[in-house]
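S.K.: give me the fold of what follows.
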Amino acid sequence: MKLVKLTLSVALIAATAFAEEEKSDFGVSANMAITSNYIWRGMTQSNNSPAVQGGVDLEYKGLYAGVWGSNVEFGDGKNSLEADLYGGYKGELAGVGFDIGAIQYVYPNMSDEYNFAEVYFGLSKEWEKFALSAKYSVGVETDDLNPEDFWEVGASAKLPYEMGIKAGYGEYHNIGAYYSVGLNRSFEKFNLSVAYIDFNHDIDSSADEDNIVATVSFAF
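M.R.: This next block holds a predicted model:
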């Protein structure tokens, strides 16, 4: 009887430990942000107006999937919605992080030619107070659209008093290039950031943009 009890106890402990390990491998997170101007790759997506954004992410042993949304407005006076669906795999090799995945951009209230997809690959390297990143995105061609490729690089550094500085540069093939620099301040439950973003159009200089954007974001 003692042997049976001991066996059952060991089995119960092992099962509990396995369940806790499985639970710790699975993660769910959510985010929300309010921004003075929704900027994507240097270009306003909200007609230089505020936007409310949010998303939910699931992760399991490096695999991830998520959905993210924002209000958008492209200068036609009509407010619409952008919904991004994405998934991929994140890991680390020889101290360098990598991220490979795909994303679908959906605009439910607009014509199909606005909807498009990309596959992407990213690399990142973090030190105690400094980080570098690079990402390349390839547009997926459809009957309605042939999206251009895009690449970007970024750097960030931690500053005293829970502050940080970020800078980035990106090029959208046959469309334009942008650079950005910003400061952020982390609090217990939210983050404040201010950034300057400059975009130069490859063909039409009247489409150039420069924006100062303030954002407050929350993570759950």
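
S.K.: give me the phi and psi angles of residue 46.
M.R.: Reported as degrees, to the nearest 10, the phi and psi values for residue 46 are phi -130, psi 20.

S.K.: what about this protein, any weak spots by pLDDT?
M.R.: Filtered on pLDDT under 70, the chain yields the residue ranges 1-23, 77.

S.K.: now the residue nearest to the spatial centre of the chain, nearest residue through space, not along the chain?
M.R.: Of all residues in the chain, the one closest to the mean position by Cα atoms, centre = their mean is residue 68, 8.8 Å from it. The spatially closest residue to residue 68, leaving aside those adjacent along the chain, is residue 55, at 3.3 Å (Cβ to Cβ, 6 or more residues apart in numbering). (Each C-beta comes from the backbone N, C-alpha and C, glycine too.)

S.K.: packing partners for whichever strand or helix holds the one you found?
M.R.: For residue 55, the element it lies in under DSSP states H and E is strand 51-60. Taking 3 or more Cβ pairs under 8 Å, 6 or more residues apart in numbering; DSSP states H and E as the contact definition, the neighbouring helices and strands of strand 51-60 are strand 26-35, strand 63-72.

S.K.: helix or strand right after the first one?
M.R.: Tracing the chain past strand 26-35, the next element assigned as helix or strand by DSSP H and E is strand 39-40.

S.K.: contacts for that following strand, please.
M.R.: Outside strand 39-40, the residues within contact range by Cβ atoms under 8 Å, 6 or more residues apart in numbering are 45, 197, 211, 213.

S.K.: do that again at 6 Å, thanks
M.R.: Around strand 39-40, the neighbours that count as contacts under Cβ atoms under 6 Å, 6 or more residues apart in numbering are 197, 211, 213.

S.K.: before we move on, what about stretch 132-142?
M.R.: So stretch 132-142 is contacted by 117-125, 147-155 (Cβ under 6 Å, 6+ apart).

S.K.: please name the nearest non-neighbouring residue to residue 110.
M.R.: With Cβ to Cβ, 6+ apart as the measure, residue 80 is the residue that lies nearest to residue 110, at 5.7 Å, once sequence neighbours are left out.

S.K.: scratch that, residue 173 is what I was asking about
M.R.: Taking Cβ to Cβ, 6+ apart, and ignoring the residues beside it in sequence, residue 173 has residue 148 as its nearest neighbour in space, at 4.2 Å.

S.K.: and the one you found, backbone torsions?
M.R.: Per degrees, to the nearest 10, the residue geometry at residue 148, taken as phi and psi, is phi -80, psi 160.

S.K.: output the strand ranked longest in the chain as CSV, restricted to C-alpha atoms.
M.R.: Identified as the longest strand of the chain according to DSSP state E is strand 80-93. Below are the C-alpha coordinates for strand 80-93, written out as CSV (Å, rounded to 0.1, in the frame of the first residue of the first chain):
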residue,chain,number,x,y,z
SER,A,80,-12.2,52.8,-41.8
LEU,A,81,-10.5,49.9,-40.0
GLU,A,82,-7.2,48.1,-40.5
ALA,A,83,-6.9,44.6,-39.1
ASP,A,84,-3.6,42.8,-39.2
LEU,A,85,-3.4,39.0,-38.8
TYR,A,86,0.0,37.5,-38.3
GLY,A,87,2.0,34.5,-37.2
GLY,A,88,5.5,33.1,-37.1
TYR,A,89,8.3,31.8,-35.1
LYS,A,90,10.9,33.5,-32.9
GLY,A,91,14.1,32.1,-31.5
GLU,A,92,17.7,32.7,-30.8
LEU,A,93,20.8,31.3,-32.5
